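> the sequence and its predicted three-dimensional model are supplied below.
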Amino acid sequence: MITHREQRVAETLAYRLPGVLTRRGLKAPIRQFLLSEVNGLKMLIAEVDLGGVNYPERYTTPEVLSHLRLEMGVPVYLSQVKGLRYVLLLSPLPQMPRRVELPPDVPSGQFAVGVGVSGRGLSLAWEDLQHLAVLGATGSGKSVFLQSLVWQGLRDGLRLLLSDIEGVTFGMLADHPGLLAPVAETPAGALERVEQALAECERRAKLLREAPGHPQNLKQYNERIQTEGGEALPRILVILDEASAVLSAMGRGRGELGEALANLGWRGRKYGVHFVFAAQEFTKELLGPVRDQVGMAVCFRVRSAYLATHMGCRGAERIPVDRPGLAITDRWGPVQTYYLDAGRLEQGKEGLQVPVSEAERGWFLQALKAGGRLSRSNLMAWSGMSEWQARKNLEAWAMRGWVVKEPQEDNAFVVTEKMREWLSNPPTSPACSNHSNLIEA
């Protein structure tokens with residue numbers, strides 16, 4: 001039940017919000033304010049009239065959210081499930097779970113981040129990942145988060161360029177086949193990895209220019225090339241752990257490495273190259289232009305309230321020492337990030353096996369009986385899934401190398417030799433799972 005005091009607070013916030021937006025140089029076409037209570041969490045919801053704004057993306061930047069939190073004095077989050085809404089919390093945040101294991105059935109093509117205040121799992125499609133800033137003191141859960149990110153990336157066929165000057169976070173990945181180069185252990189090596197990523201952007205830019213149909217990004221290029229029987233380009237994760245120390249040694253944000261990272265920031269996303277800047281802390285001078293390229297900030301426990309606020313993660317400085325894995329994000333607010341045992345990364349030295357569900361195995365066997373052909377209509381008939389689900393799952397399987405489009409087969413998919421071999425000689429390890437990898441509506 002919303003109290004009279006909370007109603008008065010909501011009225012004050014509703015009165016102030018348009019002025020805060022206006023001072024930010026934005027129109028303030030608030031269609032309506034709603035008072036709501038979800039799972040005991042009381043909130044004021046401000047619904048923006050998108051018909052009254054010219055550039056909706058200006059209302060969703062981390063800088064705007066950080067400014068709103070600072071000016072309004074309460075946590076402010078973004079909801080884009082139905083239109084564009086600001087959610088202003090009126091009550092204290094509920095207790096978050098202390099540890100949540102990474103689910104075994106995360107759909108392919110998704111990076112599972114953790115559990116939000118509502119208890120629901122939060123995830124991002126790889127194509128929506130942009131670039132990440134991950135901050136946190138020793139023991140806060142930052143390294144586990146990075147290991148979970150890497151494990152999920154390898155599961156989905158992403159390739160890695162890593163820097164780990166302490167040799168602790170990614171030491172178990174030495175000689176892993178998913179690495180495009182050895183893990184860098186020096187600042188100079190970190191610069192080399194970023195330069196490799198930039199060189200790959202150049203190569204991909206040339207491929208896109210020469211591709212028929214003039215694709216504008218990696219997704220469009222892969223869709224086009226697969227219809228012609230070609231091989232899709234994998235996404236690449238460039239991760240710099242302890243990046244503050246590396247940047248300090250290389251001239252800070254305005255040095256050679258800082259400028260290379262800023263360059264990678266504005267070029268990389270188009271070509272499927274994402275960088276992750278991970279550090280215990282930094283200053284505005286140290287980060288320089290890199291901050292402007294970050295699409296999402298994940299702040300575990302940090303020492304500086306200024307740093308947390310600057311990154312749009314107000315309150316991260318108040319996370320208790322005994323809450324590893326708890327973070328504040330500038331996208332969803334508080335999140336208990338998923339836990340992954342580092343041993344699971346070591347198990348993948350021969351190449352991480354992506355679990356194949358029993359249902360998937362059955363459909364692939366049916367496809368082999370039909371000459372290896374796997375169309376949307378067949379998949380819908382065998383599984384009962386919708387056309388949208390069938391299309392999305394076929395796209396996900398293509399990214400994993402299980403199927404490939406064949407122009408000679410009316411653009412249907414066919415089972416690849418990789419999957420045929422697996423079906424003929426399934427591994428003794430638990431690569432066949434009862435958990436579903438399927439995309440659901």
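Good, I have the coordinates.
> count the residues that sit near L65.
22 (other CB atoms under 10 Å). Using the backbone N, CA and C atoms, a C-beta is placed for each residue, glycine as well.
> check contacts around it.
With contact set as CB atoms under 8 Å, 6 or more residues apart in numbering, L65 has these partners: V76, Y77, L78, G312, D330.
> 10 Å - rerun?
With CB atoms under 10 Å, 6 or more residues apart in numbering as the criterion, the residues that contact L65 are Y59, P75, V76, Y77, L78, Y86, G312, C313, R314, D330, R331, G333.
> just name the closest of these to R391, please.
R331 (27.0 Å; CB to CB).
> thinking again about what came up before, most neighbours among the contacts of L65, which one is it?
Highest neighbour count within the contacts of L65: C313, with 29 neighbours (other CB under 10 Å).
> quick check: that one is in a strand.
No. C313 is assigned coil when assessed by DSSP: H, G, I helix; E, B strand; the rest coil, not a strand.
> list phi and psi for the residue nearest to it when sequence neighbours are not counted.
Nearest residue to C313 in three dimensions, chain neighbours excluded: C299, at 3.5 Å (CB to CB, 6 or more residues apart in numbering). Backbone torsions for C299, taken as degrees, to the nearest 10, come to phi -110, psi 110.
> partners of C299 in the sheet?
Here C299 sits in beta bridges with L135, I328, as judged by DSSP bridges.
> least confident pick among the contacts of L65?
Among the contacts of L65, R314 carries the weakest pLDDT, at 78.
> list the contacts of the residue nearest in space to the middle of the chain.
Closest to where the C-alpha atoms of the chain average out (CA atoms, centre = their mean) is L129, at 3.9 Å. Each residue near L129 by CB under 10 Å, 6+ apart is listed here: 110-111, 149, 153, 158, 235, 237, 269, 272, 274, 276, 295-296.
> which of these sits closest to W382?
Lowest distance from W382 to the contacts of L129 (CB to CB) belongs to Q110, with 23.5 Å.
> help me confirm that the closest one comes into contact with L102.
No. The pair Q110 and L102 fails to qualify as a contact (CB atoms under 10 Å) at a distance of 11.8 Å.
> give the residues shared as contacts by these two.
Common neighbours of Q110 and L102 are listed as Q152 (criterion: CB under 10 Å, 6+ apart).
> any idea how far L21 is from D175?
With distances taken as CB to CB, to the nearest Å, D175 is found 52 Å from L21.
> neighbour count: the two, which is higher?
A count of neighbours by other CB under 10 Å puts L21 above the other of D175 and L21, at 22 against 8.
> so for the helix or strand where that one lies, what gets flagged as buried?
Using DSSP states H and E, L21 maps to helix 4-23. By neighbour count on 16 or more other CB atoms under 10 Å, the buried set for helix 4-23 is E6, V9, A10, L13, A14, L17, V20, L21.
> stretch 335-344 now?
V335, Q336, T337, Y338, Y339, L340, A342.
> alpha carbons of it, in CSV - could you do that?
In CSV, the C-alpha atoms belonging to stretch 335-344 read as follows (Å, rounded to 0.1, in the frame of the first residue of the first chain):
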residue,chain,number,x,y,z
VAL,A,335,21.9,-6.6,-10.2
GLN,A,336,23.2,-9.7,-8.5
THR,A,337,25.4,-10.9,-11.3
TYR,A,338,25.6,-14.6,-12.2
TYR,A,339,28.3,-16.7,-10.6
LEU,A,340,30.4,-19.1,-12.7
ASP,A,341,33.1,-21.4,-11.3
ALA,A,342,36.4,-20.6,-13.0
GLY,A,343,36.9,-24.4,-13.4
ARG,A,344,34.3,-24.4,-16.2
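> hang on, the earlier thing: adding secondary structure and distance to E47, write the contacts of L129 out as TSV.
Conversion of the contacts of L129 to TSV gives the following (DSSP: H, G, I helix; E, B strand; the rest coil; distance: CB to CB, whole Å):
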residue	secondary structure	distance to E47
Q110	strand	28
F111	strand	29
L149	helix	33
G153	helix	36
L158	coil	37
R235	coil	34
L237	strand	36
R269	helix	29
G272	coil	34
H274	strand	32
V276	strand	33
G295	coil	24
M296	strand	23
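> residues contacting the residue nearest to C313?
By CB under 10 Å, 6+ apart, C299 lies in contact with 133-136, 140, 142, 307-309, 311-317, 319, 327-330.
> drop anything exposed from those.
In the contacts of C299, burial by neighbour count holds for 133-136, 140, 142, 307-309, 311-317, 319, 327-330, counting by 16+ other CB under 10 Å.
> domains in this protein, by residue range?
Following automatic domain parsing, the chain resolves into domains at 4-89, 100-346, 356-433.
> pick the most deeply packed of those.
domain 100-346 (a mean of 19; mean count of other CB atoms under 10 Å).
> tell me where this protein has helices.
Assignment of helices within the chain using DSSP state H yields the ranges 4-23, 62-72, 142-155, 187-210, 218-227, 243-249, 256-268, 284-287, 305-310, 343-346, 358-369, 376-383, 387-399, 417-424.
> which one of the ones you listed has the lowest average pLDDT?
Here the lowest mean pLDDT among the helices of the chain goes to helix 284-287, at a mean of 60.
> that older thread, may I see the helices of the chain organised as CSV, with distance to L50 added?
Conversion of those to CSV gives the following (distance: least, CB to CB, whole Å):
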stretch, distance to L50
helix 4-23, 14
helix 62-72, 15
helix 142-155, 32
helix 187-210, 31
helix 218-227, 25
helix 243-249, 37
helix 256-268, 26
helix 284-287, 32
helix 305-310, 28
helix 343-346, 43
helix 358-369, 39
helix 376-383, 33
helix 387-399, 24
helix 417-424, 44
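> ok, which of the ones you listed comes nearest V48?
Among the helices of the chain, helix 4-23 sits nearest to V48 (CB to CB), with 9.0 Å.
> so which residues make contact with the closest one?
Contacts of helix 4-23 with the rest of the structure, by CB under 10 Å, 6+ apart, involve 2-3, 26-30, 32-35, 37, 42-46, 48, 59, 64, 67-68, 70-74, 76, 86, 88, 90-91.
> redo that, cut-off 6 Å
With CB atoms under 6 Å, 6 or more residues apart in numbering as the test, helix 4-23 has contacts from A28, F33, L35, K42, L44, A46, E71, L88, L90.
> next: stretch 240-252.
The contact list for stretch 240-252, computed with CB under 6 Å, 6+ apart, reads 163-165, 169, 187, 190, 256-258, 277-279, 282, 286.
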